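Student: here you go, sequence then predicted model.
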Amino acid sequence: MGKMTSICLLISLFLTGCSRSEGTVVLGKDTPLVKRHDALTERDIKENQIAILPSGMRLDVEEESYNKDSMVYKVKTADGKEGWIFFDGYMEFTDSHP
């Protein structure tokens, strides 16, 4: 995904009031799943990491939050793991479950 596409996606999220509360996201690269949405530093992320989710994994989006300069999403994996991921521009969102 290009830089311009990422910027447009972020703008559209903010203009819609960040109202996505249900849907799915497909990861475009390996992504850490963390316990806390406020784990902002690399050290916090490592200390709160639940798993590394592989590229291509589909997740249910349960909640989203804007957290000090970043968007974070509460997600659930197919095997029931729950946690938070940080928006990185390599994600593809859909409005409904597959």
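Tutor: Alright, I've got the coordinates.
Student: can you report how many residues lie near residue 47?
Tutor: Counted with other CB atoms under 10 Å, residues neighbouring residue 47 total 12. Every residue, glycine included, has its C-beta placed from N, CA and C.
Student: give me the nearest residue to it, chain neighbours excluded.
Tutor: residue 39 (7.4 Å; CB to CB, 6 or more residues apart in numbering).
Student: need the single longest strand in the protein, by residues.
Tutor: strand 58-66 (DSSP state E).
Student: distance of residue 95 from residue 31?
Tutor: 20 Å (CB to CB, to the nearest Å).
Student: that older thread, which residues touch the residue nearest to residue 47?
Tutor: 45, 47, 48, 84 (CB atoms under 8 Å, 6 or more residues apart in numbering).
Student: could I get the pLDDT score of the third one?
Tutor: Residue-level confidence at residue 48 comes out at 95, pLDDT.
Student: right, and it touches residue 38 too?
Tutor: No. Using CB atoms under 8 Å, residue 48 is not in contact with residue 38, being 9.1 Å away.
Student: ok, the two, which is more surrounded?
Tutor: residue 48 (17 against 12).
Student: over to that one: give its phi and psi.
Tutor: phi -110, psi 10 (degrees, to the nearest 10).
Student: show me the contacts for it.
Tutor: 34, 35, 36, 39.
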